[in-house]
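*Asks:* Sequence and computational prediction follow.
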Amino acid sequence: AHAVRGWVLGKQNDFLAGEAELKNALELDPNSGLAWAFYAELLKDQLDEGRGDFNTQDKAAEYSKKALDLDPSQLEVHRARGLVLEVTGNYGEAITEFEQVLTMNENLSEIYVALARNYRVYPEGEPQYDKAVEALNTAIALRPDIAEPYAELARTYLTVGDYQKGIQMAQQAIEREPDNALMHGLLGTLYYRLDEYDLASQSFRLALNGGVTKEGQAVTPIDSD
């Protein structure tokens, strides 16, 4: 229970409280693969937020490996290991871990999204864009209500130069998260690549300065840092 609570607090970016809960969990059971996995994922989330120190990446790698050694039967252990491998640039190994997760549960939209992110950069020099698109379409089929798979598909089309399809996906993402400035920035980038400068300017303005969409949705600008 402490481990799960620590994981949830980490997802809310309350890293200090989350870490305290995970330490409590490991005092109660130092051989809990689940607790070590959640601890590794919390550290990975800290890295994503730019709030770790120079030891955070090494600790995340160490804890995720320890979790895998202790309990390779846990889905969450393979997910955490995959996420840490991704953030440390080990994309091929991350793909292997995410594929293992899907053998345990093939209905996890966020894992298909994670797979796609890694396919988009691996192998170096020959990214697997077709596999990325396939994984993201599966993610959308599983969770058509959330923005992330559409946004990642838009980024994939941006990468391969299919800007029109990218625009369609970015618009779908914005429909689901109209207040997300980053989504408007993504749409603006796609319009810019297609030489639609007026539309690009409107999207960039919303992303950088905030404002209100045509539908009346308030957008908070991207943080200045």
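*Replies:* Thanks, I have the structure now.

*Asks:* separation between Glu175 and Asp29?
*Replies:* For Glu175, the distance to Asp29 under the criterion C-beta to C-beta, to the nearest Å works out to 44 Å. Every C-beta, even on glycine, is put in place using the N, C-alpha and C of the backbone.

*Asks:* actually Asp198, not the one I typed
*Replies:* The gap separating Asp198 from Asp29 is 59 Å, by C-beta to C-beta.

*Asks:* For the two, indicate the residue with more neighbours.
*Replies:* More neighbours sit around Asp29 than around the other of Asp198 and Asp29, counting by other C-beta atoms under 10 Å; the figures are 12 against 7.

*Asks:* Now name the helix or strand holding the nearest residue to that one once chain neighbours are set aside.
*Replies:* Spatially, and ignoring its direct neighbours in sequence, Asp29 is nearest to Ala35 (6.7 Å; C-beta to C-beta, 6 or more residues apart in numbering). Applying DSSP states H and E as the criterion places Ala35 in helix 33-48.

*Asks:* okay, that helix in CSV with CA atoms only?
*Replies:* Once side chains and other backbone atoms are set aside, the C-alpha atoms of helix 33-48 remain, and they are given as CSV (Å, rounded to 0.1, in the frame of the first residue of the first chain):
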residue,chain,number,x,y,z
GLY,A,33,10.1,-5.9,-6.7
LEU,A,34,7.0,-3.8,-7.1
ALA,A,35,8.3,-1.2,-4.6
TRP,A,36,11.7,-1.0,-6.3
ALA,A,37,9.9,-0.7,-9.7
PHE,A,38,7.7,2.2,-8.5
TYR,A,39,10.8,3.9,-7.0
ALA,A,40,12.6,3.6,-10.3
GLU,A,41,9.6,5.1,-12.1
LEU,A,42,9.3,8.0,-9.7
LEU,A,43,13.0,8.8,-10.3
LYS,A,44,12.4,8.6,-14.1
ASP,A,45,9.5,11.0,-13.7
GLN,A,46,11.8,13.4,-11.7
LEU,A,47,14.2,13.3,-14.7
ASP,A,48,11.4,14.1,-17.0
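
*Asks:* Kind regards, and thank you for your time.
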